[in-house]
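**Q** I would like the atomic coordinates for the input below:
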Amino acid sequence: MKTAIFALLVSILASTFAISPAFSEGTTVAAPTIVDPTLIPGSSFTIDITVHDVMGMLGYAFRLTYDPDVLMATSFATTSPFIQGWGEPAIYPDYVVMAYTWVLPEYFGTDVFPGDAPLPVATITFSVLDYGVSALDLSLVVIANVDGSSTYPTVVSGVFSNIWPAGTQPGDVYVALNTGFVGKRKVQVTDGIETLTAQLENQGLVTTKAWATFIVRSSSGELVDELTSTEVYIAPGTNARVSVDLDVSSLAHPASYTVEITGWYVGFYGTTLSRHGGVAAAKTTVAKTFDLLEA
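**A** Alright, predicted model coming up:
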């Protein structure tokens, strides 16, 4: 519901201006990457949300999502002259909304922030709850311009970690989808539940968080179900299996189904799709099939 409300507010912003938002190749809105083992549970830190390469900016809106098991947002502030809020900026259990904060009327019609210097538009303070890794995921980002238009900028999400050592580089964080499988090739509808499994392998140099998604499609390609496993921390050089339970009792049968299994992990710049480096034949997603039979 909260996501729907925020999306509605974004659409209101778009309709307030003369045209719907256009994608911008130049303007970027970014969250930072924080790698700091000294940020132990009980400590706090503050991040800036910055805008780059912007001209004539009137206001902004965004949502920043984080892992509530690792972090808790405690406060936020907007940067002058963006001091007139539109919508309702707020902190929720796993994300912060800063919606439609505007400049003062006397700035209308001018190039408020010309040039390409990074512009901090908002600050968010977090309390650290636990050791771990959290994506700092920006979404629903809109820039309002003084000429009456609005823009969807390029978005660069960030990441927080207090378990990676100082100096960790993006290439040090890498989890691959080793394999994925369905318990049985032929499934009886009376089985009720079929377990779908993925094996994830940490081929990087640091511990990080990983999970898998399982997209079930009919033989015609129609989406039947989409399931996400629990998230696990995987140490370097080790494997972890994650699974989900697919309820087959309500699926059409007899019929064939395909399960697309994808491995994911939290790496630099937010949530990153797993990739098998240097193995041309490998894929990030594997597809497995099963036949659902009558009782």
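
**Q** Could you list the alpha-carbon positions for the host helix or strand of A135 in CSV?
**A** Per DSSP states H and E: A135 is located in strand 133-145. Coordinates of each C-alpha in strand 133-145 appear next as CSV, following Å, rounded to 0.1, in the frame of the first residue of the first chain:
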residue,chain,number,x,y,z
VAL,A,133,25.4,-6.2,4.3
SER,A,134,22.5,-4.0,3.2
ALA,A,135,21.7,-2.6,-0.2
LEU,A,136,21.0,1.2,-0.1
ASP,A,137,18.5,0.9,-3.0
LEU,A,138,17.2,4.1,-4.7
SER,A,139,14.0,3.8,-6.6
LEU,A,140,11.0,5.9,-7.8
VAL,A,141,13.4,8.8,-8.4
VAL,A,142,12.1,12.0,-10.0
ILE,A,143,13.7,15.4,-10.6
ALA,A,144,11.5,18.4,-11.1
ASN,A,145,12.9,21.2,-13.3
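
**Q** following that strand, which helix or strand comes up?
**A** Counting by DSSP H and E, what follows strand 133-145 is strand 150-156.

**Q** and the angle for that next one with strand 133-145?
**A** 160 degrees (axes from the mean of the first three to the mean of the last three CA atoms, to 10 degrees).

**Q** elements contacting the strand holding A135?
**A** helix 2-16, strand 22-30, strand 44-52, strand 57-65, strand 150-156, strand 158-161, strand 255-267, strand 270-273 (3 or more CB pairs under 8 Å, 6 or more residues apart in numbering; DSSP states H and E). Placement of C-beta: from N, CA and C, glycine included.

**Q** wait, which of the ones you listed is closest to R185?
**A** Closest approach to R185 among those is made by strand 255-267 (10.4 Å; CB to CB).

**Q** And the strands in the stretch 51-200 of the chain, which stretches?
**A** 57-65, 71-78, 84-85, 90-91, 95-102, 119-128, 133-145, 150-156, 158-161, 175-182, 186-188, 193-202 (DSSP state E, counting those that start in this stretch).

**Q** Count the residues that sit near G263.
**A** 27 (other CB atoms under 10 Å).
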